[in-house]
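**Q** Starting from these lines, generate the structure:
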Amino acid sequence: MPRNGRDQINIAVDPDLKADWERAIEETGRYDSMTQLIRQSVENELIRIGFREGIDVDIPDQNSQPADVDLSGVEAELSEVKEELRGVSQRIERISLATDAQQDTELMELASQLHDELPRVSDPETLSEQSPTESGAWEGQPWRLAKSVDESEYDVTRALALLEQQMSRVKSTTVVVDGSPHNVYYVQQ
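**A** Numbering: from 1, shown residues only. Model (predicted):
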């Protein structure tokens, strides 16, 4: 007869197995009782064999072996990927800004003014090899250019993106200084 609206199931197990289960309850802290351990184990098995749908990350594959994985270098690779994504994101932003800006005549006038302000660089490698002050990279930052022409950084960035898109000699790159990336624009000579 059901107790509290539930059917009761009694199982007999070897005393050593029961002791193992009790130790698992105590050591893992995941289960409050033997009943909870058994219920969860049965549910996991039903999911594992495909009888029930669901995903339980605690269900190990019976054929799985412990993996000895060397994770050295992963952090460096992740950092590299982040840097590449940052560069891609900046390029997408510049392209988007340039596309939006093509019809704006005021922006074209600003772009013309900025062209005269951009540093002239004969060898783009110097931007990353020399200090930013020696290479002229500092003068090609949008916020610095915005100060020199007394315009908003947003408008200057849009105008620079337009210049880069329309003039083959206007380039941009990311220069890393003290671990921080800085987007700079320049005219390649």
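**Q** going forward, measure contacts and count neighbours with C-alpha atoms only.
**A** Noted.
**Q** domains for the chain, by residue range?
**A** Per automatic domain parsing, the structural domains of the chain span 12-61, 82-188.
**Q** Would you single out the least confident of those?
**A** Note on these: domain 12-61 shows the lowest mean pLDDT, a mean of 80.
**Q** Return the distance of that one from the chain's centre.
**A** Offset of domain 12-61 from its chain centre (CA atoms, centre = their mean, to the nearest Å): 36 Å.
**Q** list the contacts for the residue nearest the centre of the chain?
**A** Ranked by distance to the mean C-alpha position of the chain (CA atoms, centre = their mean), the top residue is Lys82 at 5.9 Å. The contact partners of Lys82, by CA atoms under 8 Å, 6 or more residues apart in numbering, come to none.
**Q** before we move on, back to that, buried deepest among the domains of the chain, which one?
**A** domain 82-188 (a mean of 17; mean count of other CA atoms under 10 Å).
**Q** Shouldn't Pro181 be within a helix?
**A** No: with DSSP: H, G, I helix; E, B strand; the rest coil as the criterion, Pro181 is located in strand rather than a helix.
**Q** Spatially, what comes nearest to it if we skip its sequence neighbours?
**A** Using CA to CA, 6 or more residues apart in numbering and skipping the chain neighbours, the partner closest in space to Pro181 is Val175 (5.6 Å).
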